[in-house]
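>>> model this:
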Amino acid sequence: MPGALGERGHIESFRVVAQVSLAGHEPMTPARRSLENVMRPHPKNTSLRRPSQAKPDASAHKARRLIGYAIRLIAPCLIAIGAAAAHEYTSNGVTVAHPWARATPGGVRTAGAYLQVRATPGRGDRLIAARSPVAGAAELHAHSMEGGIAKMRRVDGIPIAGGSVVVLEPGAYHVMLMDLKQPLKEGDLLPLTLVFEKAGEISVDATVEPIGAMGPRGLDAQPGHAAESSGAHKH
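Got it, this is the predicted structure:
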């Protein structure tokens, strides 16, 4: 029996030591520290918390709206300016700019084509002819007023002095397209070949503007009119 009691006493002593050890009275060993770290509930990781979304700045939103409105307002003007600037054709010292024609109503078989011609300084030239695949014939015409009556007459050529600009526009010099093979419709491109005495042939695409238009791309007049003479014969 003493042996049995002694064995029981050793067992009880081991339980007490184990309880005391679990209560934290034994020195912390690496194994125990790892076990407690695994079993201990951890607080929420605040570093992974989704940041709260800041309320949008009203002034910044208003500024963005104003910028967007300004872009929508200015963009068409910039596009028109860029298109007008790009609508030029240059060859051998002669530049043809902003060619256009008026749309024709049904049954009308004549139309006028207009443009601006610029010659390099010291290299004057002369426009002597024109043609288009959509017309049976094309002539160079001048416009004049005689006794209050508007008259047109054919001319053999239109001189362009070196360094100057000559404007072909309604009521002045123009290319008269006759015997049209098809109506000219607004928004179409009219193929037109201009023949110069020195520069040779320059092929252009004239924009077809609305009936009654006075200039290309919504303008009130042919570009270049205010700066230089149109070469018209008005009396």
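
>>> and stretch 186-202, what's its mean pLDDT?
Averaged over stretch 186-202, pLDDT sits at 97.

>>> Quick check: buried residues in that stretch?
190, 192, 194-196, 199, 202 (16 or more other Cβ atoms under 10 Å). The C-beta positions use only the backbone N, C-alpha and C, and glycine is treated the same way.

>>> Got the phi and psi for the nearest residue to Arg123 once chain neighbours are set aside?
Excluding the flanking residues, the one nearest Arg123 by Cβ to Cβ, 6 or more residues apart in numbering is Gly93, at 4.0 Å. With angles defined as degrees, to the nearest 10, Gly93 sits at phi 90, psi 0.

>>> Sheet-wise, list the partners of the top strand by length along the chain with their directions.
Counting by DSSP state E, the longest strand found in the chain is strand 135-146. Strand pairing for strand 135-146, using DSSP bridges, gives strand 149-154 (antiparallel), strand 174-180 (antiparallel).

>>> ok, and for it, which residues are buried?
For strand 135-146, by 16+ other Cβ under 10 Å, it's 135, 138-143.

>>> Show me what the strand or helix carrying Thr193 is in contact with.
Using DSSP states H and E, Thr193 maps to strand 189-196. Contact partners of strand 189-196, identified using Cβ atoms under 8 Å, 6 or more residues apart in numbering, comprise 92, 94, 96, 99, 101, 113, 115, 117, 125-134, 138, 175, 184, 201-208.

>>> quick check: angle from that strand to strand 174-180?
120 degrees (axes from the mean of the first three to the mean of the last three Cα atoms, to 10 degrees).

>>> where exactly do the helices run in this protein?
Counting by DSSP state H, one finds helices in the chain at the ranges 2-22, 30-39, 58-86.

>>> Local confidence estimate at Arg131?
pLDDT, Arg131: 98.

>>> To Val166, which of the strands paired with strand 135-146 lies closest?
Nearest of the strands paired with strand 135-146 to Val166, taken as Cβ to Cβ: strand 174-180 at 11.4 Å.

>>> so who does Thr207 touch?
87, 99-101, 187, 189-190, 216-217.

>>> beta partners for it?
As for beta bridges, Thr207 partners with Trp100, Leu189 under DSSP bridges.
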